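> Sequence and predicted structure below; questions after.
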There are 2 protein chains.
Amino acid sequence: MSQFRFELQHVDPTTGARAGCWHTPHGPVETPAFMPVGTLGTVKGLLPEQLKEAGAKMVLANTYHLALRPGADVVEELGGLHQFMNWDGPILTDSGGFQVFSLAKLSNLSDEQVVFRSHIDGSLLELSPEKAIRIQEQLGADCIMCLDECPPHDVGTERLREAVQRTTAWAARCRDAQKRDDQALFGIVQGGISQELREESAAGLIPLEFPGYAIGGLSVGEDPSDMYRTLEFTTPLLPKEKPRYLMGVGRPVDLLESILRGVDLFDCVMPTRNGRNAMAFTSYGSVKIRNAKYQRDATPLDPDGPSEVGRTYSRGYLRHLFMAGEMLGGILLSWHNVAFYEHLVRQMRQAIFENRSGQFRQDQLARWGMEP
Amino acid sequence: MSQFRFELQHVDPTTGARAGCWHTPHGPVETPAFMPVGTLGTVKGLLPEQLKEAGAKMVLANTYHLALRPGADVVEELGGLHQFMNWDGPILTDSGGFQVFSLAKLSNLSDEQVVFRSHIDGSLLELSPEKAIRIQEQLGADCIMCLDECPPHDVGTERLREAVQRTTAWAARCRDAQKRDDQALFGIVQGGISQELREESAAGLIPLEFPGYAIGGLSVGEDPSDMYRTLEFTTPLLPKEKPRYLMGVGRPVDLLESILRGVDLFDCVMPTRNGRNAMAFTSYGSVKIRNAKYQRDATPLDPDGPSEVGRTYSRGYLRHLFMAGEMLGGILLSWHNVAFYEHLVRQMRQAIFENRSGQFRQDQLARWGMEP
C-alpha cells in the first residue's frame, strides 16, 4: 500500500474543511476532488482528453456494469481499465453492491453472498466479498471498494443495523481476499441517518485499518438536511490522516456542504446525466436550455463561467441542438457541466487554504439564487 | 465575387485529375477536398475543433433541414451559420431541393415553385428559386447552390429532360435573385446518366457564368460504373478554371474514381453515418466493429492509419462501446472516419502533383481488398 499516500495539507479552522493531496500509482489527486462517472468505462459522450481539459484528475467506473458488459475478464484481457478506456489518471471502482441492491432484482441475500438477476438479460448471478475483490482486481482501478449492503433509506432501524453488521463482516473478508498491492481498498461506513449506527459501523471498520473510508448510504432519497447532519457526526468518527469519500453525491450545493463537513472525494452522474437532459450548471444558477426563451438568445451559455463551451456556444444554438435531437447538445452540456464541477471544487480548495471556505459557500449560494 | 478565386495548381497529365486551391472569404480550401456534412448545423457527434484536427477545411450544412429547424431567420439572428455552429472555416449550403424531392412529400411542382409537406410536422411549405436564395443568404454560407430539380434515377428520358430544363430556368432566376456578393453561387448540372441531357444541362448553365459548378443527380441509386461513365462525359463540359463539386458522393473508392475524372469537391454523410452505425474505414478496408471476433482484440482499430483514434483505441473497447449503446462509440468512429476521408483526399492531392494519381487509386484499392 506504499504506493498510496494521503497528505493533509490544510484544515480551515473556521469550518473543518480539508485540503489535501492523495498520491496514487497513476498520479496525485488534489482534494477536495470530484470524479466524473464512467459507468461502462466511458464518461458518457466525452473523450479522456476532454475530461482532462475540464479539470478531472480521477474518474469512477462501475464494477456491476462492467462485470455484466463486457465482463471483467474481457477488461483484464484488454489491458485493464486504464488501457481499456484510454485513461492514464487514477480510477476508482465501486464494489457493485449498490447496483445489486438498487438496479438488479434481488434473489437471495445471506451473510455468505447476494444472489441477483442481471438487469440486462435476467441471468442469475452471485456476488460475495471475495468475488467483488476478484472482479475489481481484474478491472485494475487504483482505488477499490469493499462489498457493502446498502438498503433503501426508509427501512427500519433493525434492518439498517443488520446491513451495518453484514457490511462490517464483509469488509473483513474483502481485506483478507485482496491480493494486489497496487490498489487502495476502502471500507464503507453505512448506517443511514442514525448516529448510533454510523458509530457502530465506523467502530467496526476502523480496526481493519483501511487506507481510506467511504461514506455510503447517503443521497439515496433522504432529505439533504439529514445528509448534512449525518456527515456532521460521521466524519469525526474517521481517521484524520486518511481520505474520505462520499459516494454518489451530488448537487453543487451538496459538494460544498459536504466539504465543509470534512469530505475529500466525490462522484456523481449529475453533471453528465443532467447535461444529456439539457440542463446546465452555470455561474448564475442552473439553466434548462430547452426553454423557449433561449430560441433567439445569442448570448453564450455562461460568458463569465469557467468552461470554454460556456463561453463559446450561444444559448440559441445549444437549444437548437436539443430540439433537433443532435448528439452534440448532450456532449457540449456534459463537458460544460464537468468543467463547472471541477472548477467549483478547485475554487473551494483555494478557499480552504485561505480559511474562507464558509464564506465561499455563502457567496456561491447567493450567485445561484439559493437560500444561504 | 472577387472574394473567391480558384487556382488550378496542377493537372496530372496521365489521368486529368486536378489539384487546386479555392480561396473563400473564410480561408483557402486545397482541392480535391472532402466536406463532412453538418446537416442541422452540426457534424453529428463532433466538435468543430475535432473536425479541424481530422483535417476538414470546409463543411456542408443542409438548407432544407435548417429552414425547418430552427428556421433561417433564427440562424440569421444568432449571427449566421459560422457563428451559429462555431465554425470559422468555409461552409457550403445546398439549396434544399434535393431534400424536398427525396425527404418531403411533394404536393405540387410547377415551373414557378415546388410545394411540399415538411417531414417534421407535415406543414405545407413552398420553395422557389428566389426563396432558396433568400434562405441561403440568411444562413450565410460561403458557397450556395441554385435550386435544382433532382428526379429519381429511374425516371424516363422525357421526365429527366423536363427536370434539366426546369433546373436551367431556375438557375437563371437564382442568379438574378442573389443580393449578397460574399457568397459563391454554383449552378447544378443535371441529366441523370444521359450524355445528351448532361450536355444540354451544361450548355444551358455555362452562359450564366457561375463561379463554380456542381454535378447533381448522381449517387442516387444508379450503378457506380454508370456514375463514373457519366462523370467522364460531364466534367469536360465544365470550365477548367472553375471548381467542380460532385454532390453527395460517396464511398472512398468513389472519391478516388471521381477525382481521376476531374472532380474537385465532395460531401457525404457516409463517414459520420457509418461511424454511428459501428462501421469504420481503415487502411486495410472497412471494419464492422460489432463483430464478435473483436471482443478480446486488444489491437488498435487501425494502428498504421492516419487517425489518432485508430492508433489509440482497441477494437475490443470500441466493440464494447457499441454493444453497450455508449455514445462514445459513434463519436470515436465518426471522428476516425472523417480523418480517414480527409487523409485519403490529401494523399490523392499529393499523388496528383507527382503525376501518379492512377497508381495511387490502384494501390488503395489493393489495400482495401477491392478489385483494381
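It's in. Residues are numbered from 1 along each chain as shown, chains lettered A, B, ... in the order given.
> in a strand, that's where residue A:311 is, yeah?
No. With the criterion set as DSSP: H, G, I helix; E, B strand; the rest coil, the secondary structure at residue A:311 is helix rather than a strand.
> quick one: contacts for it?
Residue A:311 sits next to A:300, A:302-303, A:305 when contact means Cβ atoms under 8 Å, 6 or more residues apart in numbering or on different chains. No exception for glycine: its C-beta is placed from N, CA and C like everyone else's.
> Check what pLDDT the residue of the stretch 101-250 of chain A found nearest chain B gets.
The nearest approach of the stretch 101-250 of chain A to chain B comes at residue A:120, 9.4 Å away (Cβ to the nearest Cβ). Reported pLDDT at residue A:120 in the predicted model: 91.
> Show the contacting residues for the closest residue in space to it that isn't next to it in sequence.
The shortest distance from residue A:120 to any non-neighbouring residue, by Cβ to Cβ, 6 or more residues apart in numbering or on different chains, is to residue A:68 (5.3 Å). By Cβ under 8 Å, 6+ apart, the residues touching residue A:68 are A:118-120.
> For chain A, give me the ranges with low pLDDT.
Chain A contains residues with pLDDT under 70 at A:1, A:372.
> Could you list the contact residues of the stretch 151-300 of chain A toward chain B?
Applying Cβ under 8 Å from any Cβ of the partner chain, we find that the stretch 151-300 of chain A lies next to chain B at A:295-296, A:298.
> Columns neighbour count on top of these, output as a markdown table?
As requested, those are exported to a markdown table (neighbours: other Cβ atoms under 10 Å in any protein chain shown):
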| residue | neighbour count |
| --- | --- |
| A:295 | 17 |
| A:296 | 17 |
| A:298 | 14 |
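> Give me the most central residue, chain A.
A centroid search over chain A (Cα atoms, centre = their mean) returns residue A:267, at 1.6 Å, as the residue closest to the centre.
> separation between that one and residue A:228?
Relative to residue A:228, residue A:267 is positioned 18 Å away (criterion: Cβ to Cβ, to the nearest Å).
> same deal with residue A:297?
36 Å.
> cool, residue A:47 as well?
Applying Cβ to Cβ to residue A:47 and residue A:228 gives a distance of 35 Å.
> which of the two has more neighbours?
Shown here are residue A:47 and residue A:228; by other Cβ atoms under 10 Å in any protein chain shown, residue A:47 has more neighbours (22 against 16).
> which residues touch the more buried one?
Contacts of residue A:47 by Cβ under 8 Å, 6+ apart are B:328, B:331-332.
> again, but for residue A:153
A:192-193, A:217, A:220-222.
> hang on, it is in a helix, isn't it?
No. Counting by three-state DSSP, residue A:153 is not found in a helix; it is coil.
> Once you drop chain neighbours, what's closest to the residue of chain A most remote from its centre?
Within chain A, the residue lying farthest from the chain centre (Cα atoms, centre = their mean) is residue A:296, at 36.4 Å. The shortest distance from residue A:296 to any non-neighbouring residue, by Cβ to Cβ, 6+ apart, is to residue B:77 (5.0 Å).
> Wait, the one you found touches residue A:297, no?
No. The pair residue B:77 / residue A:297 is not scored as a contact, 9.4 Å apart, by Cβ atoms under 8 Å.
> can you give me phi and psi for the residue nearest to residue A:296?
Main-chain torsions, residue B:77, degrees, to the nearest 10: phi -70, psi -30.
> Can you give me the neighbour number for it?
For residue B:77, the neighbour count with other Cβ under 10 Å is 17.
> Ok, residue A:293 next?
Considering only other Cβ under 10 Å, residue A:293 is surrounded by 9 other residues.
> any idea how far residue A:316 is from it?
10 Å.
> One more: residue A:250?
In this structure, residue A:250 and residue A:316 are 31 Å apart, going by Cβ to Cβ.
> repeat for residue A:345
Counting by Cβ to Cβ, the gap from residue A:345 to residue A:316 is 30 Å.
> and stretch A:29-48, how far apart are its ends?
Using Cα to Cα, to the nearest Å, the end-to-end distance of stretch A:29-48 comes out at 16 Å.
> starting at the chain centroid, how far to that stretch?
The chain centroid and the centroid of stretch A:29-48 are separated by 9 Å under Cα atoms, centre = their mean, to the nearest Å.
> same deal with stretch A:60-73?
On Cα atoms, centre = their mean, the centre of stretch A:60-73 falls 16 Å from that of its chain.
> At which residues are the strands of the stretch 101-250 of chain A located?
For the stretch 101-250 of chain A, the strands defined by DSSP state E, counting those that start in this stretch cover A:105-109, A:114-117, A:124-127, A:143-145, A:184-189, A:213-215, A:244-246.
> Redo those as TSV? Include distance to residue A:11.
Compiled in TSV, these are given as follows (distance: least, Cβ to Cβ, whole Å):
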stretch	distance to residue A:11
strand A:105-109	40
strand A:114-117	38
strand A:124-127	38
strand A:143-145	22
strand A:184-189	20
strand A:213-215	17
strand A:244-246	13
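> So for residue A:4, which of the ones you listed sits nearest?
Closest approach to residue A:4 among these is made by strand A:184-189 (4.7 Å; Cβ to Cβ).
> and that closest one, C-alpha only, in CSV?
C-alpha atoms of strand A:184-189 as CSV (Å, rounded to 0.1, in the frame of the first residue of the first chain):
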residue,chain,number,x,y,z
ALA,A,184,-6.2,1.0,-2.2
LEU,A,185,-9.2,-0.8,-0.7
PHE,A,186,-11.6,1.4,1.1
GLY,A,187,-14.1,0.4,3.8
ILE,A,188,-17.6,1.8,3.5
VAL,A,189,-19.4,3.2,6.6
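> which helices and strands does that strand pack with?
For strand A:184-189, the elements it packs on are strand A:143-145, helix A:157-177, helix A:195-205, strand A:213-215, judged by 3 or more Cβ pairs under 8 Å, 6 or more residues apart in numbering or on different chains; DSSP states H and E.
> if you set the cut-off to 6 Å instead, what comes out?
Here strand A:184-189 touches strand A:143-145, helix A:195-205, strand A:213-215, going by 3 or more Cβ pairs under 6 Å, 6 or more residues apart in numbering or on different chains; DSSP states H and E.
> Near the closest residue to residue A:119 other than its chain neighbours, how many other residues are there?
With Cβ to Cβ, 6+ apart as the criterion, residue A:119 has its nearest non-adjacent residue at 4.9 Å, and that residue is residue A:103. By other Cβ under 10 Å, the residues close to residue A:103 number 15.
> Quick check: residue A:103 touching residue A:120?
No. Residue A:103 is beyond contact range of residue A:120, at 9.8 Å (criterion: Cβ atoms under 6 Å).
> got the residues of the stretch 1-150 of chain A near chain B?
By the rule Cβ under 6 Å from any Cβ of the partner chain, the part of the stretch 1-150 of chain A lying against chain B is A:40, A:42, A:44-45, A:69-70, A:74, A:77-79, A:84, A:86.
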